[in-house]
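Colleague: Pasted the sequence and its predicted model underneath.
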Amino acid sequence: MDLRMEAERRADAKIKFEEKLYKYLIVNMIIAIVCFVFLQSFWLLFFVMFFWGIGVLDDFFKAYPFKNIVDPNYRERKINEELSKMGD
């Protein structure tokens, strides 16, 4: 895969996550105010925060993958790091 295309894909994923996070925070603040002023309970806020939050969390993991842990060469890299520490 072209390096430029991979960089664009990663940048797009991060922008998408940031946009969804801002919307999530703003809408949940509005719902919190409505719940506090009119409903006197926060069940609606918790419901929205939980289920929408799962989607936001999914976008976070797509934008910032933890591929160092999932990488098949992870063990080998860790062994090499330990060997280099022992040599110092």
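Modeller: Received it, and whenever you're ready, just let me know what you need. Numbers count the residues shown, from 1 in each chain.
Colleague: right, and the helix or strand after the helix or strand of the chain with the lowest mean pLDDT?
Modeller: When each helix and strand of the chain is scored by mean pLDDT, DSSP states H and E, helix 67-70 comes last, with a mean of 64. Reading on from helix 67-70 to the C-terminus, the next helix or strand found by DSSP states H and E is helix 74-87.
Colleague: So what's the gap between that next one and the chain middle?
Modeller: 29 Å (CA atoms, centre = their mean, to the nearest Å).
Colleague: Render the CA-only coordinates of that helix in CSV, please.
Modeller: Extracted as CSV, the C-alpha positions of helix 74-87 are listed here (Å, rounded to 0.1, in the frame of the first residue of the first chain):
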residue,chain,number,x,y,z
TYR,A,74,5.6,-8.1,19.4
ARG,A,75,7.3,-10.9,21.4
GLU,A,76,10.4,-10.7,19.3
ARG,A,77,10.7,-6.9,19.7
LYS,A,78,10.2,-7.3,23.5
ILE,A,79,13.0,-9.9,23.6
ASN,A,80,15.3,-7.6,21.6
GLU,A,81,14.5,-4.7,24.0
GLU,A,82,15.3,-6.8,27.0
LEU,A,83,18.6,-8.0,25.4
SER,A,84,19.6,-4.4,24.6
LYS,A,85,18.8,-3.4,28.2
MET,A,86,20.9,-6.3,29.6
GLY,A,87,23.9,-5.3,27.4
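Colleague: Show the contacting residues for the residue nearest to the spatial centre of the chain.
Modeller: Centroid check for the chain by CA atoms, centre = their mean gives Phe60 as the closest residue, at 1.8 Å. By CB atoms under 8 Å, 6 or more residues apart in numbering, the contact list for Phe60 reads 17, 21. No exception for glycine: its C-beta is placed from N, CA and C like everyone else's.
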